[in-house]
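[1] Fold the following, please.
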Amino acid sequence: MSKDGYQVHVACHELLGHGTGKTIFRNEDGTQPSFTDPLTGETYESCYEKDDVWSTRFGQISSSYEECRADAVGFFLCTLPEVYSLFGIEEKQVDDLLWTNVMNHFRKGIVGLPLYNPDQNKWGQAHTQGAYVFAQWIYRNQKSKIVDFEILSETDFRIHLNKEALCGEGKELIRQLLVVLQTFKSSGSVERAEKFYNDYSQVPEMFLKIRDIVIKTKKPRFLNVFDNLTRYNTKSIEPVSYPANFQGICMSW
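    Below you'll find the predicted structure:
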């Protein structure tokens, strides 16, 4: 399910996440459209101006914000029959699908905490920051116990994700997050978007401790060395012979 679920999420993330999301410009009569802030219920006016584009208008937060929005799209859509059935997922597997995808995403955001610089209060990677914001949104707004983070020792921690709560209250929280992100993006409301996104990007003390654990227990990056590849002559399709004691990587171009 981990591999199949990831395929569903990536497809929704790329095609329907990054591939959709209207940006609204000033009305023809010169007035600005009005919107309702999904967080406060306040009515406000905002829009894109001529020659505005998403990345220049939202500047520093644009890349990570967009990744977080695309992820929210993926998690929301992956539970719809019209979507998961396209990938051969059965209805009885949908809860496992969502749990696996969300758990992997939580892990991505938490294990990626070393990419956050506490001295500068800045994140260094857009996808990881987006995953962290998603995790914080669920964690800080849950009423039931959907997710919990537990520090066991100076070198160990756990992420607890309740599947029943996730597939109940969690789905609604994902929907709400998507509405917030999309409303601010569509309306071009930079100030509201920055205030929201920077708030959920903050790393409080407990998560700084988890960051230290991740750094302490980080394993060296894998190095894959293949010493048994055989180079073929592309003209004759005959294998090239090498000495019995030959060690190394042979590749054809």
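[2] which ones are touching K122?
    The contact partners of K122, taken as C-beta atoms under 8 Å, 6 or more residues apart in numbering, are Y116. To be clear about C-beta, it is placed using only N, CA and C from the backbone, and glycine gets the same treatment.
[3] Shouldn't L39 be within a strand?
    No. L39: not assigned to a strand; according to DSSP: H, G, I helix; E, B strand; the rest coil it is coil.
[4] Give me the distance between it and K195.
    Applying C-beta to C-beta, to the nearest Å, the value for L39 to K195 is 9 Å.
[5] ok, the closest residue to C167 other than its chain neighbours - how many residues close by?
    Computed as C-beta to C-beta, 6 or more residues apart in numbering, the closest residue to C167 that is not its neighbour in sequence is D95, at 4.8 Å. By other C-beta atoms under 10 Å, the residues close to D95 number 15.
[6] host element of E191?
    helix 190-200 (DSSP states H and E).
[7] who does that helix touch, helix- and strand-wise?
    Contact partners of helix 190-200 among helices and strands, from 3 or more C-beta pairs under 8 Å, 6 or more residues apart in numbering; DSSP states H and E: helix 54-58, helix 62-77, helix 126-141, helix 171-187.
[8] can you give me the angle that helix makes with helix 62-77?
    80 degrees (axes from the mean of the first three to the mean of the last three C-alpha atoms, to 10 degrees).
[9] Check which residues of helix 190-200 are buried.
    Residues of helix 190-200 classed as buried: V190, R192, A193, E194, F196, Y197, Y200 (neighbour count, 16 or more other C-beta atoms under 10 Å).
[10] what's near enough to touch the third one?
    So the one you mean is A193. Counting by C-beta under 8 Å, 6+ apart, A193 touches F58, I61, Y65, L181, F184, K185.
[11] any idea how far the second one is from V73?
    If you measure I61 against V73 using C-beta to C-beta, the figure is 18 Å.
[12] neighbour-wise, which of the two wins?
    V73 (25 against 20).
[13] Tell me the predicted confidence for the more buried one.
    Model confidence at V73, given as pLDDT, is 95.
[14] what about T100, how many residues close to it?
    So T100, with other C-beta under 10 Å, has 21 neighbours.
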